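Asker: quick one, structure for this:
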Amino acid sequence: MLDMPVLQAANIERTASNIEVLRQHPALKYLGWGPEDRDGTANCSKLTTAEFWKRCAAQKAAGRK
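Answerer: Residues are numbered from 1 along each chain as shown. Reported below is the predicted structural model:
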C-alpha cells in the first residue's frame, strides 16, 4: 500500500500484520477493518486514520488485535 502514493482510503483484514507501516502513508485519510467500518455509500472506510489508530490502540490495550 505504501507503493500507492495516491491511495486515500482502505479497508484491511483484522488479521493483517505489520499495519503500523500504514502510519507513514502520505495520502491515506480513511482506514478501517472490514465491512463494519465501511461507508455504504462510498464503499470505503468511514473512519479517519486518526479514529482508526485511536480505536486500534484501545483494542490493543484491552488485549485484542
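Asker: okay, CA-based contacts and neighbour counts for the rest of this
Answerer: Fine.
Asker: report the central residue of this structure.
Answerer: The residue lying closest to the centre of the chain (Cα atoms, centre = their mean) is Leu31, at 2.7 Å.
Asker: secondary structure class for that one?
Answerer: What DSSP: H, G, I helix; E, B strand; the rest coil gives for Leu31 is strand.
Asker: which residues does it bridge with?
Answerer: With beta bridges defined as DSSP bridges, Leu31 has these partners: Ala10.
Asker: tell me the pLDDT at it?
Answerer: Listed pLDDT for Leu31 reads 93.
Asker: pull the contacting residues for it.
Answerer: 9-12, 45-49, 52 (Cα atoms under 8 Å, 6 or more residues apart in numbering).
Asker: flag the shaky bits of the chain, pLDDT-wise.
Answerer: Under the criterion of pLDDT under 70, the regions of the chain flagged as low confidence span 64-65.
Asker: tell me where it has helices.
Answerer: Taking DSSP state H as the criterion, the chain carries its helices at 49-61.
Asker: over to the spatially closest residue to His25 that is not a sequence neighbour: give its phi and psi.
Answerer: Spatial nearest neighbour of His25, chain neighbours left out: Leu2 (5.8 Å); criterion: Cα to Cα, 6 or more residues apart in numbering. Main-chain torsions, Leu2, degrees, to the nearest 10: phi -70, psi -20.
Asker: Leu2: neighbour count?
Answerer: 14 (other Cα atoms under 10 Å).
Asker: and if you look at the one 4 residues further on?
Answerer: If you count neighbours by other Cα under 10 Å, Val6 ends up with 12.
Asker: against Ala16, how distant is Glu51?
Answerer: Using Cα to Cα, to the nearest Å, Glu51 is found at 18 Å from Ala16.
Asker: much appreciated, bye for now.
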